[in-house]
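1. No sequence on hand, only this structure:
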């Protein structure tokens, strides 16, 4: 499939998704409405995949970011009807605002990249960037409890309609002559991958550490009655924790594939398996965080003590249990990364060993409660140091092996100026 054809499919999906979600939202609660919302999620994920295919070579960072942002949006919009049925309208609204935040933040770099490639006129790309920035700002305001309505979403929505029509007419193609692409030396890919993985791990450590140990675990440390009494005062913090943990799930995907790019020279098949294991773990984490979203939605709706006791506290424990199961996949991922690092001639043996030990620790802690209900040990509380060592080593390695200046290469073979068509 050429880029022009792929772009036309993306344009059709943009317009179809707009209609599907609009009609599905109007039919909320009905089977037809749920089906249309789910169809929208499929279309949104397909848009992310088509754009990823078009940009993965000239702008890999933008392509991966957009793919993950659209995937997160699709998941959250599909989760909306489920959350509404179990927890109420507040949970569905939180999921929607999270989806819009993901869409806005993931689409900003896309507009800039399309302008740089001359696939969009600069004024048109500027309209899109401004619209998505307003969309993200409006979603952030709604998540923080400031109601500002739908006005910030209007410019971005109109841009998506116009962008869909434009793509449907001409696909992914330059409005003017395409500037030459650039390609670096062979080690540039490894440098970018190490930097992306290290930076992602650092940001994840900050976000997950605060959200889990600063907000969620103190609530779970108390009994059900004490937790229910404390929940209303924790509404702002719990909402922020939901945002942070969804961001961690997205970063898990990006880090997993960055590590694959960095270590696939050791054994490509195992590196691919490791990336998919971390992607699977990220999906399980997203499902776990959906339970937290439900609890935050109950607080948003002003649920009373009885409702919080019936649904709020179980939602917190469901989050913990689902996440613990997901750590089985995470442990396998770290074991595979440790093995790849050991085979690599780049990563020190001690770093590889510590990463593998960290993976074994997560496997032990996740499998232990399945074997014995009173499993008393938390091995990962000690072995996690392997993750910290890997994080630091990746950042230092990326700093020491900076890319050399890139050299120009020929533009994409299947992208031609409009005058040639």
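-> Alright, I've got the coordinates. This structure is a prediction, so every number in the text was calculated from the model and none was measured.
2. can we go C-alpha only for contacts and neighbour counts from here?
-> Will do.
3. Okay, helices next: where are they in the stretch 1-150 of the chain?
-> Per DSSP state H, counting those that start in this stretch, the stretch 1-150 of the chain carries helices over the ranges 3-26, 31-55, 60-86, 89-116, 122-143.
4. Now do the longest one: which elements does it pack against?
-> Counting contacts by 3 or more C-alpha pairs under 8 Å, 6 or more residues apart in numbering; DSSP states H and E, helix 89-116 packs against helix 60-86, helix 122-143, helix 268-300.
5. between those helices, which gets nearest to residue 113?
-> Taking C-alpha to C-alpha, helix 60-86 is the member of those nearest to residue 113, at 7.4 Å.
6. what mean pLDDT would you report for the closest one?
-> Average pLDDT, helix 60-86: 94.
7. just how off-centre is that helix within its chain?
-> How far helix 60-86 lies from its chain's middle: 7 Å, per C-alpha atoms, centre = their mean, to the nearest Å.
8. ditto for stretch 337-354
-> With C-alpha atoms, centre = their mean, you get 27 Å for stretch 337-354.
9. do stretch 196-208 as well
-> 13 Å.
10. Minimum distance to residue 261: which of the helices of the stretch 1-150 of the chain has it?
-> Proximity to residue 261 (C-alpha to C-alpha) singles out helix 60-86 among the helices of the stretch 1-150 of the chain, at 11.4 Å.
11. Now the closest one: buried residues?
-> Buried positions in helix 60-86, judged by neighbour count with 16 or more other C-alpha atoms under 10 Å: 60-84.
12. Which one of the helices of the stretch 1-150 of the chain has the poorest average confidence?
-> When I compare these, helix 3-26 is least confident, with a mean of 90.
13. That one packs against which elements?
-> helix 31-55, helix 153-170.
14. out of the ones you listed, which comes closest to residue 251?
-> Nearest to residue 251 among those is helix 31-55 (16.2 Å), distances taken as C-alpha to C-alpha.
15. before we move on, back to that, identify, out of the helices and strands packed on helix 3-26, the most deeply packed stretch.
-> helix 31-55 (a mean of 21; mean count of other C-alpha atoms under 10 Å).
16. And that one, what does it pack against?
-> Against helix 31-55 (3+ C-alpha pairs under 8 Å, 6+ apart) you get helix 3-26, helix 60-86.
17. Find the helix or strand that residue 208 is a member of.
-> helix 188-208 (DSSP states H and E).
18. Please enumerate the helices of the stretch 201-350 of the chain.
-> 217-221, 224-230, 235-263, 268-300, 305-307, 313-343, 349-371.
19. quick check: mean pLDDT across stretch 279-296?
-> pLDDT averaged over stretch 279-296 gives 96.
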